[in-house]
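Participant: what shape does this take:
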Amino acid sequence: MFGFLEKIKRLFRKKEEPQQPQQPVEIKEVKEPQKEQQKQRKDPDRPEKNCPHCGAPNDTFVHVCWLCKKDI
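Facilitator: All right, here's what the predicted structure looks like:
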């Protein structure tokens with residue numbers, strides 16, 4: 001039984017390949033997008049007001065904060 005297991009191990013054993021010298025990897029600098037593009041544009045149809053308890057932005061027609069669930 002153990003001879004059978006040894007044969008299976010030999011089948012799945014990783015074959016050793018000759019080591020090739022690795023080439024150095026070049027790191028390219030990535031430019032970050034401008035902050036103006038990252039900011040979300042506010043929709044003029046949905047004016048915001050901040051929650052006095054947690055400071056989260058809410059729509060003006062909402063009376064309960066979405067973050068802290070307290071009345072505004």
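
Participant: where does the protein dip in pLDDT?
Facilitator: Along the chain, the parts satisfying pLDDT under 70 run over 1, 14-20, 30, 32-43.

Participant: in it, which spans are strands?
Facilitator: 48-50, 57-59 (DSSP state E).

Participant: adjacent strands (with direction) for the first one?
Facilitator: It stands for strand 48-50. strand 57-59 (antiparallel) (DSSP bridges).

Participant: contacts for the partner strand next, please.
Facilitator: The contact list for strand 57-59 (C-beta atoms under 8 Å, 6 or more residues apart in numbering) reads R46, P47, E48, K49, N50, C51, C65, W66, I72. Where you see a C-beta, it was placed from the backbone N, CA and C, and this is true even at glycine.

Participant: just to revisit the earlier point, is it possible to get a markdown table of the strands of the chain that adds mean neighbour count and distance to F12?
Facilitator: A markdown table is the format used below for the strands of the chain (neighbours: other C-beta atoms under 10 Å; distance: least, C-beta to C-beta, whole Å):
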| stretch | mean neighbour count | distance to F12 |
| --- | --- | --- |
| strand 48-50 | 12 | 61 |
| strand 57-59 | 14 | 57 |
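
Participant: include distance to K31 when you put the contacts of strand 57-59 into CSV, please.
Facilitator: Shown next, in CSV, are the contacts of strand 57-59 (distance: C-beta to C-beta, whole Å):
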residue, distance to K31
R46, 32
P47, 34
E48, 31
K49, 36
N50, 33
C51, 36
C65, 38
W66, 35
I72, 41
